[in-house]
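*Asks:* sharing a model prediction with you, sequence too.
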Amino acid sequence: MTRKIVDIAVIIPDASPVLTLARIHRLDLFETFSAPIEIVDQVHYEITKPANDPEGRVAAWLQRMGNRIRIVETMVGLGFRTKTERGESPRGGSLGEIAVDEYATDLARHATPTFVPLVLFEDPDVLETRIARLPRVHLLNTAAWIRALADEGIIPDGLKIIDEINAQRKSPMKPIERPGRTRKLQSRWLRRPDHDAG
Amino acid sequence: MTLAEMLDKLERGRIGHREAMQWLGVDSFNELVDIVHLNGRQMPGHRAAPISAETRALLRLVTRPVIATLPR
């Protein structure tokens, strides 16, 4: 049986997963990923700006992760930086979302047919954006990701972490997942070990 | 007893759903379940909706166990 090799990257399209785990000192959870993590430049700006990272936890985490995190340059982020360097104060409100849309457009046009984007998000608006409509995209919010890590025995304290996250929120975070449509690829990806002919 | 304490007791099965409904002042069991879920808890004996096999399979491919002493 021919195996198809899938190429998976974790894409973080909004600042919340990083900021949520930074608040509870659990950014180490990202270190469980063996796949590369991609963050667009404008979201990188959001997670590292002093107002969101007052104690420098995110900056230290980014340094620790090194090249396991790729900061994706976008025209939106480049424009924002250029204006900031000129001394202007561009409104940054929705630029992160626009930058992610730009990257999603690029992926839609140029990604290989075996590329599987694993999108880790918190803002439910992400479900309405272009990145959520990419082929083979697998969507997972922070709560579902932590639950899955605990279910798989990758971390021992998943429920405690979710409790800690919820203690910082007005309403509890409900797990959201939307598995990718990977009909052509699932022969390898979803095949159970006992059905795996190798 | 606070709401959190009551929900904790309910989740652990230390009080019954009738007592919880009385405490909350609700008449319907569905309403009780809604309140429990909205507060991030489960009814005793219930399990949260399982994470799909697809997600678990994907995570098995792209994760490795975290070492407990990793610096945060």
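*Replies:* Thanks, I have it.
*Asks:* ranges for the helices of chain A?
*Replies:* A:16-23, A:41-48, A:57-65, A:75-85, A:95-110, A:142-151, A:158-167, A:186-189 (DSSP state H).
*Asks:* same check, this time on chain B
*Replies:* B:3-11, B:17-24, B:29-38, B:53-62.
*Asks:* could the helices of chain A go into JSON lines alongside distance to chain B and mean neighbour count?
*Replies:* Any C-beta I mention is one placed from the backbone N, CA and C, and that applies to glycine too. Putting the helices of chain A into JSON lines (distance: least, CB to the nearest CB, whole Å; neighbours: other CB atoms under 10 Å in any protein chain shown) gives the following:
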{"stretch": "helix A:16-23", "distance to chain B": "10", "mean neighbour count": "21"}
{"stretch": "helix A:41-48", "distance to chain B": "16", "mean neighbour count": "23"}
{"stretch": "helix A:57-65", "distance to chain B": "7", "mean neighbour count": "17"}
{"stretch": "helix A:75-85", "distance to chain B": "26", "mean neighbour count": "15"}
{"stretch": "helix A:95-110", "distance to chain B": "17", "mean neighbour count": "19"}
{"stretch": "helix A:142-151", "distance to chain B": "4", "mean neighbour count": "22"}
{"stretch": "helix A:158-167", "distance to chain B": "5", "mean neighbour count": "16"}
{"stretch": "helix A:186-189", "distance to chain B": "6", "mean neighbour count": "17"}
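*Asks:* quick revisit: so for chain A, which of the helices of chain B sits nearest?
*Replies:* helix B:53-62 (3.6 Å; CB to the nearest CB).
*Asks:* could you list the buried residues of the closest one?
*Replies:* Neighbour-count burial for helix B:53-62, counted by 16 or more other CB atoms under 10 Å in any protein chain shown, picks out B:Glu54, B:Thr55, B:Arg56, B:Ala57, B:Leu58, B:Leu59, B:Val62.
*Asks:* if anything else comes up later, I'll come back, but that's it for now.
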